[in-house]
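A.B. asks: Have a look at this prediction, sequence included:
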Amino acid sequence: MKRVLTAVCAAFVATSASAGAECSVGKTLTDGVLTIATGNPAYYPWVMDDAPESKQGFEAAVAYAIANEMGFDDSAVTWVRTSFDEAIQPGSKNFDFNMQQYSITPEREEMVDFSLPYYSSPMAILSTKSIAEKVGDPAPDALKDLIWGAMAGTTGATMIDDVVGPTKSTLLYSDNADVTAAMQAGQIDAALFDLPTALYLSAVVVNDGALLGQFPADRSQNPDQFGALMEDGNPIKACVDEAIQALTDSGKLAELEAEWLEAATGVPVIK
Amino acid sequence: MTPLLRMTNVQKAFGDNHVLKGIDLDVAKGEMVCLIGASGSGKSTLLRTINLLEPIDDGEILLDGVDISEPGLDPQPVRKRIGLVFQSYNLFPHMSATDNVMLAPRRLKGLSKAELEAPVTTLFERFGLADRMGHYPDQLSGGQQQRVAIIRALAMQPEVLLFDEITSALDPELVAEVLDVLRAVRAEGITMIFATHEMGFARELADKVCFLDRGRILEAGTPDQLFDAPKEERTRQFLSQVL
Amino acid sequence: MTETIKPPAPQGKRAAYEAALRKRSMRIAALSTLAVVAAIVILVPLAPGWEAVKRSFFNGGVFAKTFPGLLNAFLLDIAIFAWSLPLIALLGLAVAICRDIQRPALYPLRLFATIYTDVFRGLPVILVIYLIGFGIPGLGLPRPWNSPYIWGSLALILVYAAYVAEVIRSGIESIHKSQRSAALSLGLTTSDTMRFVILPQALRNVVPANMNLVVALQKDVALLSFVGPVEIFRQAGVYKSLYANFTPYVGAALIFLAITIPATRYADYLMHKRRRLEQ
């Protein structure tokens, strides 16, 4: 009975754009306009060619889907750019919500608000072909003896110690480019990224890049989930959540994920 | 008999400033020569060329018949044989009096502190500084510092000692103690060349007095000749000003 | 009020006047400091954003959770500092001596030393750390010779040695020519003259200036984090992301200050002592 009710409600929400539009009236920064933030610059495969207006790329496509669901035309969407750190500082924001692969963590939620997750990312191990040959089957013991690196401040950095527990101290870097530079220089053997990023780096950035494997999302205690970031206490959160829930239920999110992140297959799962 | 030191037509210029314009000077072994003359007449430079601190532009300086002014010649062995005492003492301020004296013998003659202890102590005693051996230069009076500087030069047992107006920087009451030391050194028969303003002292101890004027030795002779019967007008003028 | 009989000031009226003057300026300094502190304590919490700033910069809970980890990470800073410092001293000294070489035959060495100091003093430290820390290992050195600890430290050493070399050279030049003349006139070799006469005096003269460089080095060690090592600055950044809170940076700042303030005071003390000696 309950399930039927939920389904009915979801169906109602999904089909009734006017209900979403009513939700967000007077709650956006600018009336009638939805201001969405992304990174500066924004990267493949989240935003193609650093042009979110094109709706190309996973986050760009999801952003427009959310906006439509909330009752905004494509033309009523404006984009702003923020740095990663800027957005989690206290203070007022210049966006309604920010999509930049923010992992939802309870600590962050004390400072800012997150929407429901729009993506759950498995973590994958970026490495090089020569290391991959040496390691062979990515057994946990073999992974321990590698020198690990990650971008500081990402979930990957903390997960290395939790899930792998390497014997040598982990090296952390300021951005992905430095992680790959260190890998190229042979200073680290492996680095942990969310799967889409790892795929991109191994294909485009790292010479002879290879993915050693991926951890299933349930392997770590808190699988990395990306949510749209909003100012603490922003009333629009309810509207965004409603829209994402609708997109999840309708299978639209899974569709977009398959469209933009489908390359995320064929990497061995580490048991 | 060849002189111990012979300078022939020594020329030295600093840029346009022609300081030594052909110096000829013979110094026999055991002789004491005084250089007198106004400031800027070239006395200091003359001494510094002998010690090879200033390379000369032309001429010859023979020590025991060997030309030591040859360009490219290693000056170090020559300096070991020729000591120089400076107007401003130039003690090493970070070393005690004893260490100032011992440094050169230790490095150049390979003597140990223990080996040097006795002879150095004797020197300090002879010059009335036995109780100052452990003192640092800034704990000593000007006269005491200058005496340590003389001991430092003597410790290398040089064949020739050069003194560059060593009493000029001293208060008048301290001049006497330094001159006393020089009398003692003179008594040992070391060859000395002495640039000075102390005419009385020059007269008392010198075998030969040279009057330098604008880079030339204008007149030379025994003290009696030079002080009592100068031949040159400029010598007379100079002496009348300083005596 | 009771009458107290003051003992006569031992140095007479001048001393009494100066004591009164000192008392008065102490009073003024104390009052004005108090006023500024009071203004900060009262006014800052009135600012509209204060609660948010307090929560994200001065969060007691986050501080307690992260401080031990920060201290632990600081050990790496100390280790890098400890192995870099002697090498900086040695290289700086060697370069300073090369720059003072007078012999024409060794002119290339002198030229090289001059170029070296010009280049490394002219570059930002972080740039050198990036270029050497990633660049040289990128040439294909085998483990462990491609370690970021080695090359990052080398970058620090190269930059700081250039500064130290300049300081020492200025010390060498501050020693009067007559000291060199005196040593040479005794027959000492040029190297003995440098070693026993010039350098001991020069190095003593530049101790305060070098102490300032030591303080700066303590801070710049944190720049090694850019090529990988997780020292205190990086650790604080990790905590910042983890807790979405800037308190770990405040904790790191406190740890740095605990080391650098005493070191700075000591450098000032040495400088002061030196100046008094010269008077």
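C.D. replies: Looks like it arrived, so ask away. Bear in mind the structure is a predicted one, so any value in this text is a computation, not a measurement.

A.B. asks: rest of the way, CA atoms for contacts and neighbours
C.D. replies: Noted.

A.B. asks: Could you grab the helix/strand/coil label for the closest residue in space to residue B:62 that isn't next to it in sequence?
C.D. replies: Counting by C-alpha to C-alpha, 6 or more residues apart in numbering or on different chains, residue B:6 is the residue found nearest to residue B:62 once chain neighbours are left out, at 5.0 Å. The local conformation at residue B:6, judged by DSSP: H, G, I helix; E, B strand; the rest coil, is strand.

A.B. asks: Tell me the pLDDT of residue 266.
C.D. replies: Assuming you mean chain A. Among the per-residue scores, residue A:266 holds a pLDDT of 59.

A.B. asks: should've been chain C
C.D. replies: 86.

A.B. asks: Centre of the chain to whatever helix or strand it lives in, how far?
C.D. replies: In this structure, residue C:266 is located in helix C:247-278 according to DSSP states H and E. Going by C-alpha atoms, centre = their mean, to the nearest Å, the spacing between the C-alpha centre of helix C:247-278 and its chain's C-alpha centre is 8 Å.

A.B. asks: and that helix, which residues are buried?
C.D. replies: Of the residues in helix C:247-278, those with enough neighbours to count as buried (16 or more other C-alpha atoms under 10 Å in any protein chain shown) are C:247-252, C:255-256, C:260, C:263-264, C:267-268, C:270-271, C:274.

A.B. asks: And stretch A:168-187, by the same measure?
C.D. replies: Of the residues in stretch A:168-187, those with enough neighbours to count as buried (16+ other C-alpha under 10 Å) are A:170-174, A:176, A:178-187.

A.B. asks: Which pair of these spans the longest distance?
C.D. replies: A:174 and A:186 (17.6 Å; C-alpha to C-alpha).

A.B. asks: ok, then the element right after the helix or strand residue C:31 falls within?
C.D. replies: Counting by DSSP H and E, the element that carries residue C:31 is helix C:13-43. Stepping forward along the backbone from helix C:13-43, the first helix or strand reached (DSSP H and E) is helix C:50-57.

A.B. asks: Show me the contact partners of that next one.
C.D. replies: Outside of helix C:50-57, the residues that reach it under the criterion C-alpha atoms under 8 Å, 6 or more residues apart in numbering or on different chains are A:90, A:91, A:111, C:44, C:45, C:244, C:245, C:246, C:247, C:248, C:249, C:250.

A.B. asks: what do you get if the cut-off is 7 Å, keeping everything else the same?
C.D. replies: For helix C:50-57, the external contacting residues (C-alpha atoms under 7 Å, 6 or more residues apart in numbering or on different chains) are A:90, C:44, C:245, C:246, C:247, C:250.

A.B. asks: Now pLDDT too, for those residues, in TSV please.
C.D. replies: Shown next, in TSV, are the contacts of helix C:50-57 (pLDDT from 0 to 100):
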residue	pLDDT
A:90	72
C:44	84
C:245	86
C:246	90
C:247	92
C:250	93
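
A.B. asks: Also near chain B: which of those residues, exactly?
C.D. replies: Of the residues in the contacts of helix C:50-57, proximity to chain B by C-alpha under 7 Å from any C-alpha of the partner chain holds for none.
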